[in-house]
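Asks: Test case, fold it:
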Amino acid sequence: MNGKLLIAAGHAGSTAYATIEEFKIQNPNWGIVFVGSSSAMEGRKSSTIENAYMPKIGIKFIPIVSGRLQRKFTLWTLPSLLKIPIGFAHALFILLSERPNAILSFGGFSAFPIVVIGWLLRIPVIIHDQTTSAGRSNLASVPFAKKIALSRDDSLRYFPKNKSEVVGNPISKEVITCKNKKYAKRTSAIFIAGGSRGSISLNRLAITILPELLHDFVVYHQTGDVDFPDIKKFLLTLDRKSRNRYHPFPKVEMWNWYKYLRDSDILVSRSGANIVSEALQIGIPSIFIPLPFAYNDEQRKNAKYAEDLGLSRVLDEKDLDPKRLYVEILGLSRKWDKIVKSYQKPKIDDSKAAEKLCKIISEYALVF
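Replies: Numbers count the residues shown, from 1 in each chain. Below you'll find the model as predicted:
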C-alpha cells in the first residue's frame, strides 16, 4: 500500500526520529513529511533540531507559521497571538497540498492547527503524548483525535479512556541496541544537555564548575545556540589539557546524540520526556534539573519517575548553586557501580513503543 504520513510537532526530535525509523520499516512505500516550527524560540533565529536534521534523513520539512498562547507577557506576545489565525490558514494550505493519509501529532503549538484542520478535512489524527503528565496542546487536541497514544500509565487520568492506549515513548534503535551501563566499561565522561534549545541557567552552573570537573572527567556539553559563542570564548581560557577534555556544541544530530549518551558515565540534563526515556533505556545515572516553568510541571514528573526507579537525582533549579551541583556529580560518580548494578528497567518497555505506535497509525490511516 502506498500512502503519506504527515507528522506535526513543536519539539519531539528523538521521538519523531525513532517513529520515522520504524514507520519506514513497516511501510516502505509510504512518504513522510514533517511539519513544525523553523525557530526554536519566539523572536530568536535559532533553528529547531527538526528543521536541521529532517532533510538529512530524507524527510521533507515544512515550516509552519503559527502562534502560541504565552504564559508570560513579553515583547513577542502580541506578534505571536496575531500568528494564531495565520497558522490555521497555513495548515489548510499544507494539508490540501500534501493530502496525507494520516496525521501524527506529537503536540506543541505548531501541531495544533494541523490537528484541527486535519479533523475538518476528515483526515485521521493520532496523538502521542511523551510525558508522564499531559501536554497542553495534546489536551486541546483530544476532541479532534481518533486515537491517543500515551507513554506512561500516569497520563491516563488526563485523557478519555475509550480513545487512549499506553504504548510507551518511542526510542531509536541506536539507543535500544546500546549496551546497558550495567555491562559497559566506565569512561569517566559526563554529558551535560540543556534540551533541544539549550539551557542558559544550566550552562552558567556548568561553566563555574568546569575547571574542577575537567580534572577528573571528559565533558560533552550541548549548550544551545544562544550561549555557544560565549562558551567558545570560555574554552579559550582553559589550559591545554582541560581544553582537550571539554567538548561543547550548540546542537547535535540524533545519531551523535546517542553516541554521547553511550560514551558517558553520567548525564546532567533537563528532564524532557525523551531524554528521560533514553536514560532509562541504557541505565545511565543521571542528575535531572527540571525546567521550573514547564506546563503542568511535566519535567518534574518525568524526573521523579526516573528517581523512583533509583537511577537519578532530581535537583530544583531554585535551590541549586555550582558547589551543590559539583558535590552531587561527585557523589553520583562514587555510587556509580552500585546504581547501575541495582537498577531495574520500568515495566513499560519503550523499546517496543515505536512499533506499537506505527501499527496504530496504519490501522487508522485512510485508504485512497
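
Asks: use CA for all of it now, contacts and neighbours both
Replies: Will do.

Asks: And for Lys356, the neighbour number?
Replies: 19 (other Cα atoms under 10 Å).

Asks: Under a three-state scheme, what state does it occupy?
Replies: Secondary structure state of Lys356, per DSSP: H, G, I helix; E, B strand; the rest coil, is helix.

Asks: Go ahead and confirm it touches Val167.
Replies: Yes. With contact defined as Cα atoms under 8 Å, Lys356 reaches Val167; the gap is 6.2 Å.

Asks: Touching the host helix or strand of Gln281 from outside, list them.
Replies: Element membership of Gln281, judged by DSSP states H and E, is helix 273-282. By Cα atoms under 8 Å, 6 or more residues apart in numbering, the residues outside helix 273-282 that reach it are 12, 14-15, 130-132, 169, 171, 175-176, 178-181, 262, 285-286, 299, 302-303, 306, 311, 345-346, 350-351.

Asks: Which residue, other than its chain neighbours, is closest to Lys60?
Replies: Take Lys60 and drop its neighbours on the chain: the residue closest to it by Cα to Cα, 6 or more residues apart in numbering is Val33, 4.9 Å away.

Asks: next one: Asp349
Replies: Nearest residue to Asp349 in three dimensions, chain neighbours excluded: Gly168, at 6.4 Å (Cα to Cα, 6+ apart).

Asks: Just to check, that neighbour is in contact with Ile148?
Replies: No. With contacts defined as Cα under 8 Å, Gly168 does not count as touching Ile148, sitting 11.9 Å away.

Asks: For His90, list the residues it contacts.
Replies: His90 sits next to Ile64, Val65 when contact means Cα under 8 Å, 6+ apart.

Asks: Residues touching stretch 21-39, excluding its own?
Replies: Contacts for stretch 21-39 (Cα under 8 Å, 6+ apart): 1-10, 20, 45-48, 50-51, 54, 59-66, 110-111, 172, 354-355, 358.

Asks: other SSEs contacting the worst-scoring helix or strand of the chain on mean pLDDT?
Replies: Within the chain, no helix or strand scores below helix 49-53, which has a mean of 78 by mean pLDDT, DSSP states H and E. Counting contacts by 3 or more Cα pairs under 8 Å, 6 or more residues apart in numbering; DSSP states H and E, helix 49-53 packs against strand 60-63.

Asks: If you count neighbours, what's buried in the helix or strand following the strand it packs on?
Replies: Using DSSP H and E, the helix or strand that follows strand 60-63 in sequence is helix 77-98. Buried residues in helix 77-98, defined by neighbour count with 16 or more other Cα atoms under 10 Å: Thr77, Ser80, Ile84, Ile86, Gly87, Phe88, Ala89, His90, Ala91, Leu92, Ile94, Leu95.

Asks: again with stretch 248-264
Replies: 248-252, 254, 257-258, 260-264.

Asks: So for these, which is the shakiest by pLDDT?
Replies: For the buried residues of stretch 248-264, the weakest pLDDT value sits at Met254, with 75.

Asks: quick one: that one and Thr15 touch, right?
Replies: No. The pair Met254 / Thr15 is not scored as a contact, 10.1 Å apart, by Cα under 8 Å.

Asks: rewinding a little: taking the mean pLDDT, what do you get for the helix holding Gln281?
Replies: According to the model, helix 273-282 has a mean pLDDT of 92.

Asks: Dump it to CSV, restricted to CA.
Replies: Taking Å, rounded to 0.1, in the frame of the first residue of the first chain, the C-alpha atoms of helix 273-282 are listed here in CSV:
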residue,chain,number,x,y,z
ALA,A,273,10.3,13.1,28.4
ASN,A,274,12.6,11.9,25.6
ILE,A,275,15.9,12.3,27.4
VAL,A,276,14.5,10.6,30.5
SER,A,277,13.2,7.7,28.4
GLU,A,278,16.7,7.3,26.8
ALA,A,279,18.4,7.4,30.1
LEU,A,280,16.1,4.7,31.5
GLN,A,281,16.7,2.5,28.5
ILE,A,282,20.5,2.5,28.8
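
Asks: Which strands border the helix or strand following it, and is each parallel or antiparallel?
Replies: Following helix 273-282 in sequence order, the next helix or strand is strand 286-288 (DSSP H and E). With DSSP bridges as the test, strand 286-288 is paired with strand 266-269 (parallel), strand 312-314 (parallel).

Asks: Next SSE downstream of strand 286-288?
Replies: Per DSSP H and E, the helix or strand that comes after strand 286-288 is helix 298-308.

Asks: For that following helix, enumerate the helices and strands it packs against.
Replies: Packed next to helix 298-308, using 3+ Cα pairs under 8 Å, 6+ apart, are helix 273-282, strand 312-314.

Asks: Rebuild these as a markdown table, extending it with mean neighbour count and distance to Ile231.
Replies: Converted to a markdown table, these look like this (neighbours: other Cα atoms under 10 Å; distance: least, Cα to Cα, whole Å):
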| stretch | mean neighbour count | distance to Ile231 |
| --- | --- | --- |
| helix 273-282 | 23 | 23 |
| strand 312-314 | 21 | 25 |
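
Asks: okay, these in TSV with distance to Val116 next?
Replies: Listed next are the helices and strands packed on helix 298-308 as TSV, based on distance: least, Cα to Cα, whole Å:
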stretch	distance to Val116
helix 273-282	25
strand 312-314	37
